[in-house]
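A.B. asks: Fold the stuff below for me.
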Amino acid sequence: MIQPKNARRVRPNMPHYGVNVEETGSMLTWDWIESQMAAARNYWICTTCPDGKPHAAPVWGAWVEGQLFTATDRNSVKARNISQDSRVVLHLESGDETVIFEGALSETVPCESLQARINQVYVDKYDLDPSLDEEDAVQYRLKPQKVMAWLERDFPLTATYWLFDD
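C.D. replies: I've put the predicted structure just below:
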């Protein structure tokens, strides 16, 4: 079983939802998170506007080397929000097979070999040339602080958190 660096897997303290912190046998694995993230077509990103208003939008992305990379126009609402406050919530579309990341997005310029892998994911997943030649494009990497995941049908048994130290 793979495990992300600087993270520990824990059961959430939710006795009012039937979650028993001592029962760890059915917790989800990071392998499951990896497969969900790699297979997802859309990722919902939630940012905060300067006036405190929330903003949510679907984005495309590439899950490569255990990290999510996404790009947008530097003048988009989400990019302007991220430039003021990089903290985000990012989640997949399903509420039945739930994956939610809390963390921060940071601008990134991956090395050439990593960028080639990111581009290939975009080609395979979206049938799209992902070149970021546009002057106004910005690429981000998600740095998680907390990941929450569960299977709705077995929520009390599968509710799993990963807490990242840094």
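
A.B. asks: What are the buried residues along the longest helix along the chain?
C.D. replies: Within the chain, and with DSSP state H defining each element, the longest helix by residue count is helix 112-126. Applying a neighbour-count criterion of 16 or more other CB atoms under 10 Å, the buried positions in helix 112-126 are 114-115, 118-119, 121-122, 125. Placement of C-beta: from N, CA and C, glycine included.

A.B. asks: Nearest to Asp165 among these?
C.D. replies: Within the set of the buried residues of helix 112-126, Leu114 lies nearest Asp165; the separation is 23.5 Å, counting by CB to CB.

A.B. asks: wait, the closest one sits on Val64?
C.D. replies: Yes. Using CB atoms under 8 Å, Leu114 and Val64 qualify as a contacting pair, with a distance of 6.8 Å.

A.B. asks: All the strands of this structure, in order from the start?
C.D. replies: 7-10, 43-48, 54-59, 62-64, 67-73, 87-91, 97-107, 137-151, 160-164 (DSSP state E).

A.B. asks: in its sheet, what does the first one sit against?
C.D. replies: Translated: strand 7-10. With DSSP bridges as the criterion, the sheet partners recorded for strand 7-10 are strand 160-164 (antiparallel).

A.B. asks: and what of the fourth one?
C.D. replies: The sheet places strand 62-64 alongside strand 67-73 (antiparallel), with pairing taken from DSSP bridges.

A.B. asks: Likewise for the second one?
C.D. replies: The partner list of strand 43-48 in its sheet, established with DSSP bridges, is strand 54-59 (antiparallel), strand 87-91 (antiparallel).

A.B. asks: Quickly compare these and say which is most buried.
C.D. replies: Per-stretch averages of neighbours, counted by mean count of other CB atoms under 10 Å, single out strand 87-91 among the strands paired with strand 43-48, with a mean of 19.

A.B. asks: outside of it, which residues touch it?
C.D. replies: For strand 87-91, the external contacting residues (CB atoms under 8 Å, 6 or more residues apart in numbering) are 43-48, 68, 82, 98-105, 142.

A.B. asks: Drop anything exposed from these.
C.D. replies: When neighbours are counted using 16+ other CB under 10 Å, those contain these buried positions: 43, 45-48, 68, 82, 98-103, 105, 142.

A.B. asks: of all those, which comes closest to Asn75?
C.D. replies: After measuring the buried ones among the contacts of strand 87-91 against Asn75 - CB to CB - the closest member comes out as Ile82, at 12.0 Å.
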